[in-house]
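*Asks:* Structural data only, the sequence is not supplied:
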């Protein structure tokens, strides 16, 4: 029978342990939280793949710049145990899960289309851009089939809130040609077309004259409603909108897909009461806890509506943590590097999947998977057809999730622009290029008391795809990522020639099939920068601050 839709084999293993771990237990033994997490799994493991609904619901919770080790269950020594850790005990933790890129736009584009950024124009040639900006005249190409567009063919409704960063306008400052509604989302609530940035903070910690109207705008659907935007209660509003969408579609019996794209944990950090000021880890910990609580809230709604067993819920991040933000950035744990780089810390992200009764509870998987796998996996589970005449780089990982099967990937390719930086294949990673790491001298200068004061130091380190910040390795470095996740000890080429040859063969096949799209990050114009009220001073609306600045300069 087809294991994509019906799973009849159920293996249940339960080991009864008299010791019951409570939240207090985890607080008491914080330094060994990862060990306790693993033991708590063993205390009641259910490796049971039940029957999966023909058309399950899908919810993706996408954090912004969250590090691989930002959760207690992933080993962070001071982050409080929270609802995401509980979600891991109720579902499966994916410890070798990757973002297709180490910055937001290409990773998000790959997630929605299942395709490498090079195939869909997510790169620059004549500029240094690695993402869309407020001045970009292009966005995610409309001809690319996205998850909501694919699911619509089999009766799904799709919704979106939060950070977009896949394009805004094309001709003028309000045409909205590249917004989420143009890519298959039936409902779009509060959204940040560009995202959240340090210049958007209201508290004056990093920018005394902030927040800046330029770049800090909030939309409802296709309409701009705040410029600059308030952080206060924004997460709560998006949560309310998500709940409404879920309840309405559950009531009508309509299968749905929802993408909740947090503006947290990207700087400028903001956490609402009761989370603000409560984490022993500081402001970043507050943000992690509010994100976790928000996920837990929706999980409770699903249970109340009795559709939790019909809904595949995924929590993940768009890329690794921004290390230059110091204590205001995330933590890659033992992994090297962070956002912008293609070391493990920049591309391996914390990921948890949950679907009671179908996805095994209490499982930790080290099988390789990627954000680009969501589209083909959702296609297999919903019965939707994959896009015609289109190479999909993602793979259907439903058997991995529901049956504990091995990864379907032969290789994952990591590009910075048009440059192949690394390949993950099985236990191995072949690295062709690396980015310069932030020097300790920069962190000591730029981050007094762990807070990054913008402009206080020049680190001379960039995460561009070419130039002085990039080192080409000749020969490339080969690592066994399973035994050396820190990428510290390159393996001798002569002894691993068969591994090298296998990876090179996969690279050759990839290039043979590559149809590189024209670059979309280069073309920019001040004409397309969003403006809520052109008659006002510097496009300020619904905000009673004193900040005024030019919206754009060429």
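*Replies:* Arrived safely. Nothing here was measured: the structure is a model prediction, and the numbers come from that model.
*Asks:* what about the strands in the stretch 101-250 of the chain?
*Replies:* 157-163, 187-192, 218-220, 223-226 (DSSP state E, counting those that start in this stretch).
*Asks:* out of those, nearest to residue 58?
*Replies:* Residue 58 sits nearest to strand 157-163 of all those, at 9.0 Å, using C-beta to C-beta. Every C-beta, even on glycine, is put in place using the N, C-alpha and C of the backbone.
*Asks:* before we move on, the earlier item: how about the strands of the stretch 101-250 of the chain, which one is nearest residue 339?
*Replies:* Nearest to residue 339, of those and by C-beta to C-beta, is strand 157-163 at 14.4 Å.
*Asks:* Can you list the strands that that closest one pairs with?
*Replies:* Its sheet considered, strand 157-163 pairs with strand 187-192 (parallel), strand 256-261 (parallel) by DSSP bridges.
*Asks:* Go ahead and name everything in contact with that strand.
*Replies:* Contacts to strand 157-163, defined as C-beta atoms under 8 Å, 6 or more residues apart in numbering, come from residues 62, 64, 104, 147-148, 151-152, 180, 184-192, 195-196, 238, 241-242, 245, 249, 254-263, 266.
*Asks:* List the buried residues in that strand.
*Replies:* Buried residues in strand 157-163, counted by 16 or more other C-beta atoms under 10 Å: 157, 158, 159, 160, 161, 162, 163.
*Asks:* Among those residues, list the two that are farthest apart in space.
*Replies:* Distance extremes for the buried residues of strand 157-163: the farthest pair is 157 and 163 at 21.2 Å, using C-beta to C-beta.
*Asks:* returning to that earlier point: residue 531 is nearest to which of the strands paired with strand 157-163?
*Replies:* strand 187-192 (15.8 Å).
*Asks:* now what about that closest one, what contacts it?
*Replies:* Residues contacting strand 187-192 (C-beta under 8 Å, 6+ apart): 157-164, 179-181, 217-222, 229, 234, 237-238, 241-242, 245, 261, 263.
*Asks:* next one: stretch 128-139
*Replies:* Outside stretch 128-139, the residues touching it (C-beta under 8 Å, 6+ apart) are 103-106, 121, 123-124, 165-171, 177-179, 194, 214-215, 340, 416-417, 462-465, 520-526, 528-530, 552.
*Asks:* Just the buried ones out of those, please.
*Replies:* 103-106, 121, 123-124, 165-170, 177-179, 194, 214-215, 340, 416-417, 463-465, 520-525, 528-530, 552.
*Asks:* ok, the closest residue in space to residue 316 that isn't next to it in sequence to residue 158 distance?
*Replies:* Sequence neighbours aside, residue 351 is the residue nearest to residue 316 in space, at 4.2 Å (criterion: C-beta to C-beta, 6 or more residues apart in numbering). Per C-beta to C-beta, to the nearest Å, residue 351 is found 21 Å from residue 158.
*Asks:* quick one, what contacts the residue nearest to residue 395 when sequence neighbours are not counted?
*Replies:* Sequence neighbours aside, residue 408 is the residue nearest to residue 395 in space, at 4.1 Å (criterion: C-beta to C-beta, 6+ apart). Going by C-beta under 8 Å, 6+ apart, residue 408 touches 395, 396, 397, 399, 400.
*Asks:* and the last one, what pLDDT?
*Replies:* In the prediction, the pLDDT value recorded for residue 400 is 97.
*Asks:* Could you measure from it over to residue 361?
*Replies:* Residue 400 is 16 Å from residue 361, where distance means C-beta to C-beta.
*Asks:* follow-up on the earlier one: out of the contacts of strand 157-163, which are buried?
*Replies:* Buried by 16+ other C-beta under 10 Å: 62, 64, 104, 147-148, 151-152, 180, 184-192, 195-196, 238, 241-242, 245, 249, 255-263, 266, out of the contacts of strand 157-163.
*Asks:* Tell me where the stretch 351-500 of the chain has helices.
*Replies:* In the stretch 351-500 of the chain, helices defined by DSSP state H, counting those that start in this stretch lie at 374-382, 398-403, 440-446, 497-513, listed in chain order.
*Asks:* isn't residue 472 right up against residue 433?
*Replies:* Yes. In this structure, residue 472 is within contact of residue 433 by C-beta atoms under 8 Å, at 5.3 Å.
*Asks:* between these two, who's got more neighbours?
*Replies:* Using other C-beta atoms under 10 Å, the more surrounded residue of residue 472 and residue 433 is residue 433, with 18 against 11.
*Asks:* Contacts only, for the residue nearest to that one when sequence neighbours are not counted.
*Replies:* Nearest non-adjacent residue to residue 433, counting by C-beta to C-beta, 6+ apart: residue 421, 4.6 Å away. Applying C-beta under 8 Å, 6+ apart to residue 421 gives the contacts 342, 414, 415, 431, 432, 433, 434.
*Asks:* same question, residue 255
*Replies:* Counted by C-beta under 8 Å, 6+ apart, residue 255 has contacts 55, 56, 57, 151, 154, 155, 156, 157, 249, 382.
*Asks:* What does the nearest residue to it once chain neighbours are set aside show for phi and psi?
*Replies:* Nearest non-adjacent residue to residue 255, counting by C-beta to C-beta, 6+ apart: residue 55, 4.2 Å away. Backbone torsions for residue 55, taken as degrees, to the nearest 10, come to phi -130, psi 80.
*Asks:* Of the contacts of stretch 128-139, which belong to helices?
*Replies:* Here DSSP state H is the test, and the contacts of stretch 128-139 give 104, 105, 106 as lying in helices.
*Asks:* between the residues you listed, which is closest to residue 282?
*Replies:* Closest approach between the ones in helices among the contacts of stretch 128-139 and residue 282, by C-beta to C-beta: residue 104, at 23.5 Å.
*Asks:* wait, that closest one sits on residue 320?
*Replies:* No. Residue 104 is not in contact with residue 320 according to C-beta under 8 Å; the separation is 11.1 Å.
*Asks:* can you list residues touching both of those two?
*Replies:* Joint contacts of residue 104 and residue 320 (C-beta under 8 Å, 6+ apart) are residue 65.
*Asks:* so how many other residues sit close to residue 515?
*Replies:* For residue 515, the neighbour count with other C-beta under 10 Å is 8.
*Asks:* For it, which non-adjacent residue is spatially closest?
*Replies:* residue 119 (6.4 Å).
*Asks:* Next, find the distance separating that neighbour from residue 423.
*Replies:* Following C-beta to C-beta, the distance that separates residue 119 from residue 423 is 16 Å.
*Asks:* go on, residue 175?
*Replies:* Residue 175 sits 40 Å away from residue 423, taking C-beta to C-beta as the criterion.
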